[in-house]
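In: 3D model of this:
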Amino acid sequence: TTITYTYTDANGCTNSGTADIEVNDLPVISVSTPATCSADLLTYSVSVDVSAGGIVTSTSGTVTDNGADNWTIDNIASGTDIILTVTGLNGCTVELAVTSPDCSCPTVDAPISAGDAAYCIGDVVPTISATVNAGETINWYDAPTGGALLLASSLNYTPAGAGTYYAEAINTTTSCVSNTRTAIVVTENPLDDPSFSYAALAYCSTDADPSPTITGLAGGTFSSTAGLVIDATTGLIDLDASTPGSYTITYLTNGICPNSSVVNLTIDELPVVDSPSDISQCGSGDFVITQTTTVGTGAWSLVSSTGAAPLLSDAGGVLTVTGLPDGTSAVLRWTATNGECEVIDEVTITNNICSIDVVKTQISGTNPVSAAGEVLGYEIVITNTGTTSVTGIVVTDILPDSSSIVLTLISGDLDADSELDVNETWVYNATYTVTQSDINAGADLVNTASVVSVEVPGPTTDTAITPINDTAELVVTKVVTTGGSAVGDVLS
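Out: Below you'll find the model as predicted:
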C-alpha cells in the first residue's frame with residue numbers, strides 16, 4: 001500500500017511525499033474457559049485460545065502453554081484484574097482485559113449447639129459440642145467476636161470451667177467462617193444444701209420419737225449406721241425400737257447437685273432399777289436399803305419427812321438411814337441416770353410407834369370370893385395406842401391355877417381385817433370357877449391376860465385380882481343318942 005503525506009507550514013508552503021506501507025493481520029485471542037476461582041478462593045484462573053503461533057503474556061499469574069494454541073493463566077490473586085497480550089508471528093499484538101471473578105466467601109451457617117451444659121462443684125467440667133455442614137469444622141473462642149482462639153478445628157471442646165463459649169464454623173477448604181458465632185453456656189452449679197438437725201444430740205429410749213428439721217433442700221433420703229430404726233423419707237427415729245448406742249445419720253439430697261451431711265446422735269438405754277418395797281418397822285429409826293441399776297449411776301436423796309429429817313449415808317446404792325424419829329416417816333428417792341435417761345423410784349420408810357394397851361377386869365362373880373364353885377367372869381380389852389396396825393394378835397388367859405387358854409375375839413374388829421387398827425379396841429371374855437383348893441390356899445386369885453403380836457411381840461399383860469375371904473367358922477353340937485336315966489346307965 002502506497003501512502004502520500006502532504007505537509008503545509010505556517011507560511012502556507014506545502015510539500016508531499018509517498019511511502020509504501022505493509023499492513024499485517026492482527027493475532028486473535030478469545031476466552032476458552034472463563035475466569036474461575038480456585039477451591040480456596042485465594043486465586044483464580046482463565047484459559048484462552050489464540051491464533052496460530054500466538055504467544056500469550058499476562059500482567060499477573062502463571063502463564064502455561066497448553067498446546068494447540070490454548071493457554072492457561074492461573075494463580076492470579078483473587079480480586080486482581082489482568083491484561084493478557086497475544087503476540088502473533090508477524091509481531092502484532094492484541095490485548096485482552098480479564099476482570100477477576102468474585103471469589104469472596106459464600107455464607108457459612110453458624111454452628112448448631114448441642115445444648116448448654118452444667119456441672120456440679122467438684123465434678124469434671126463437661127465437653128460441649130455443636131454441628132456444622134459438610135466440609136466444615138469449628139473454631140472455639142471466648143468472645144462473640146474477636147477474642148482468643150481456644151481450640152481450632154474441632155466439633156467438641158472441653159473448657160476449663162464455667163463460662164460462655166463461642167463456636168465459629170469454618171470451611172475446611174475455603175477457610176470461610178460463619179458471620180456469627182454460636183454461644184454455648186457452661187454453668188457450674190453449687191452443691192445442694194443438705195443441712196438438717198435434730199432438737200438434741202442424745203435421747204433416752206423412752207423419749208418421744210424425734211423428727212429432724214431440714215434447713216437445706218427438702219425431699220432427700222435419710223440413712224444411718226446399723227441398729228437405728230429411721231424413716232428414710234421423714235427422718236423420724238423410732239427410739240424404742242432402736243438399739244441404744246451412738247449412730248451417724250446421713251441426709252442425701254435429691255436435687256441438681258446431690259450433697260450429704262451427717263449428724264452424730266446417741267440413744268441412751270433406760271436404766272432398770274430394783275428397789276425395795278416401802279419399809280415399816282417399829283421403834284427403830286435406823287434403816288438399810290439396797291438399790292441397784294442396770295446401767296448408768298444412781299443416787300439417794302431425801303424427798304420429805306414428817307418429822308425431823310434423818311441422816312442419809314449413800315455408799316454405792318446401799319443407803320443407811322439413821323435417826324428417823326418414832327412415829328414419823330420419810331420419803332426417799334433413788335434417781336438412776338444414764339445419759340439422757342432418768343428413772344426415779346421412791347421408797348417410804350416409817351418408824352412406827354407399835355404399842356397396845358391391855359386392860360383385864362373382873363366383871364362378874366363375887367369379890368372377894370369365899371366359897372368354892374363360884375364363877376368369876378373377866379373382860380379383856382385390848383386397844384391399839386400406837387401409830388400403825390397390829391397384826392397376828394394372840395390373847396392368852398393365864399388362870400389362877402396356872403393353866404391357860406387362848407381366847408377368841410368377841411367384838412371390836414369393825415372392818416373385819418384381822419388387824420388391830422390404830423385406836424381400835426378389841427374385847428375378849430374369860431371365866432374361872434373357884435376351887436376349894438383356891439379357898440383352902442387363901443391366896444388372892446390372880447388372872448393374867450397375855451397378848452402377843454407381830455409388831456409388839458411382848459407379851460403385853462394385865463391382871464385381875466380377886467381376894468379370898470378365908471375367915472374360918474366351926475359349930476360343935478353334942479347329942480345323946482343312946483343311954484338311960486338310972487344310976488349306972490352308959491350314955492353315948
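In: what's the distance between the closest residue to Ile29 other than its chain neighbours and Thr72?
Out: In space, and not counting its chain neighbours, Ile29 is closest to Val86: 4.1 Å by CB to CB, 6 or more residues apart in numbering. The way it works is simple: take the backbone N, C-alpha and C, and place the C-beta from them, glycine included. Val86 is 14 Å from Thr72, where distance means CB to CB, to the nearest Å.
In: What of Cys105?
Out: Separation of Cys105 from Thr72 (CB to CB): 25 Å.
In: More neighbours: which of those two?
Out: Legend: neighbour count by other CB atoms under 10 Å for Cys105 and Thr72, higher for Thr72 (17 against 13).
In: wait, doesn't the more buried one sit right on Asn66?
Out: Yes. In this structure, Thr72 is within contact of Asn66 by CB atoms under 8 Å, at 5.6 Å.
In: Which residue ranges of the stretch 51-200 of the chain form helices?
Out: Assigned by DSSP state H, counting those that start in this stretch, the stretch 51-200 of the chain shows no helices.
In: pretty sure Ser16 is in a strand, no?
Out: Yes. Counting by DSSP: H, G, I helix; E, B strand; the rest coil, Ser16 is located in a strand.
In: Report the contact partners of it.
Out: Contact analysis of Ser16 by CB atoms under 8 Å, 6 or more residues apart in numbering lists Thr4, Tyr5, Thr6, Tyr7.
In: how does it look with 7 Å?
Out: Thr4, Tyr5, Thr6 (CB atoms under 7 Å, 6 or more residues apart in numbering).
In: Also Asn352?
Out: Residues near Asn352 by CB under 7 Å, 6+ apart: Ser280, Gln281, Cys282, Gly386, Thr387, Thr388.
In: try 8 Å this time
Out: By CB under 8 Å, 6+ apart, Asn352 lies in contact with Ser280, Gln281, Cys282, Gly283, Asp326, Gly327, Gly386, Thr387, Thr388, Glu455.
In: Could you dump these into a markdown table with pLDDT, neighbour count and secondary structure added?
Out: Output for those, formatted as a markdown table (pLDDT from 0 to 100; neighbours: other CB atoms under 10 Å; DSSP: H, G, I helix; E, B strand; the rest coil):
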| residue | pLDDT | neighbour count | secondary structure |
| --- | --- | --- | --- |
| Ser280 | 89 | 16 | strand |
| Gln281 | 89 | 16 | strand |
| Cys282 | 88 | 19 | strand |
| Gly283 | 86 | 14 | coil |
| Asp326 | 91 | 15 | coil |
| Gly327 | 90 | 16 | coil |
| Gly386 | 90 | 22 | coil |
| Thr387 | 88 | 18 | coil |
| Thr388 | 89 | 21 | coil |
| Glu455 | 87 | 24 | coil |
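In: Where does Ser437 sit, in terms of helix or strand?
Out: Taking DSSP states H and E as the definition, one finds Ser437 inside helix 436-441.
In: Can I get that helix as CSV, trimmed to CA atoms?
Out: Provided in CSV are the C-alpha atoms of helix 436-441 (Å, rounded to 0.1, in the frame of the first residue of the first chain):
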residue,chain,number,x,y,z
GLN,A,436,-61.8,-75.5,197.2
SER,A,437,-58.1,-75.6,196.8
ASP,A,438,-58.2,-71.9,196.0
ILE,A,439,-60.3,-71.3,199.2
ASN,A,440,-58.0,-73.5,201.2
ALA,A,441,-55.0,-71.8,199.9
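In: Which elements pack onto that helix?
Out: For helix 436-441, there is no helix or strand it packs on, judged by 3 or more CB pairs under 8 Å, 6 or more residues apart in numbering; DSSP states H and E.
In: Flag every buried residue along that helix.
Out: Neighbour counts over helix 436-441 (16 or more other CB atoms under 10 Å) mark Asp438, Ile439 as buried.
In: List the pairing partners of the next helix-or-strand element following that helix within its sheet, with orientation.
Out: Next helix or strand after helix 436-441 toward the C-terminus (DSSP H and E): strand 445-452. Paired with strand 445-452 in the same sheet, following DSSP bridges, are strand 394-398 (antiparallel), strand 460-466 (antiparallel).
In: in strand 445-452, what counts as buried?
Out: Leu445, Asn447, Thr448, Ala449, Ser450, Val451, Val452.
In: Give me the three-state assignment for Thr33.
Out: Assignment for Thr33 (three-state DSSP): strand.
In: Next, count neighbours for it.
Out: Thr33 has 12 neighbours, counted by other CB under 10 Å.
In: That one: what's it in contact with?
Out: Here Thr33 is in contact with Ser45, Val46, Ser47, Thr72 (CB under 8 Å, 6+ apart).
In: Tell me the bridge partners for it.
Out: Bridge pairing for Thr33 - DSSP bridges - gives Ser47.
In: ok, it to Leu41 distance?
Out: Distance, Thr33 to Leu41, using CB to CB: 17 Å.
In: And Tyr247, by the same measure?
Out: 74 Å.
In: Relative to the whole chain's centre, how far out is stretch 88-101?
Out: 98 Å (CA atoms, centre = their mean, to the nearest Å).
In: Tell me which residues are up against it.
Out: 24-31, 34-37, 44, 46, 48, 51-54, 73, 76, 78-87.
In: The closest residue to Ser277 other than its chain neighbours pairs with what?
Out: Once flanking residues are discounted, Ser277 sits nearest to Val347: 7.7 Å by CB to CB, 6+ apart. Beta bridges link Val347 to Leu332, judged by DSSP bridges.
In: Where does pLDDT dip in the stretch 51-200 of the chain?
Out: For the stretch 51-200 of the chain, applying pLDDT under 70 flags no range at all.
In: what are the ranges of the strands in it?
Out: Applying DSSP state E, counting those that start in this stretch to the stretch 51-200 of the chain gives strands spanning 55-58, 62-67, 70-77, 82-87, 93-98, 112-113, 117-120, 128-131, 136-141, 149-151, 156-157, 163-171, 182-189, 196-197.
In: Can you list the strands that the fifth one pairs with?
Out: If I follow you right, that is strand 93-98. Going by DSSP bridges, the partners of strand 93-98 are strand 82-87 (antiparallel).
In: CA atoms only: put the partner strand into CSV for me.
Out: The C-alpha coordinates for strand 82-87 follow below in CSV (Å, rounded to 0.1, in the frame of the first residue of the first chain):
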residue,chain,number,x,y,z
ILE,A,82,-5.2,-8.8,34.4
ILE,A,83,-4.3,-7.8,30.9
LEU,A,84,-3.5,-10.7,28.5
THR,A,85,-1.3,-9.9,25.5
VAL,A,86,-1.0,-12.2,22.5
THR,A,87,1.8,-11.6,20.0
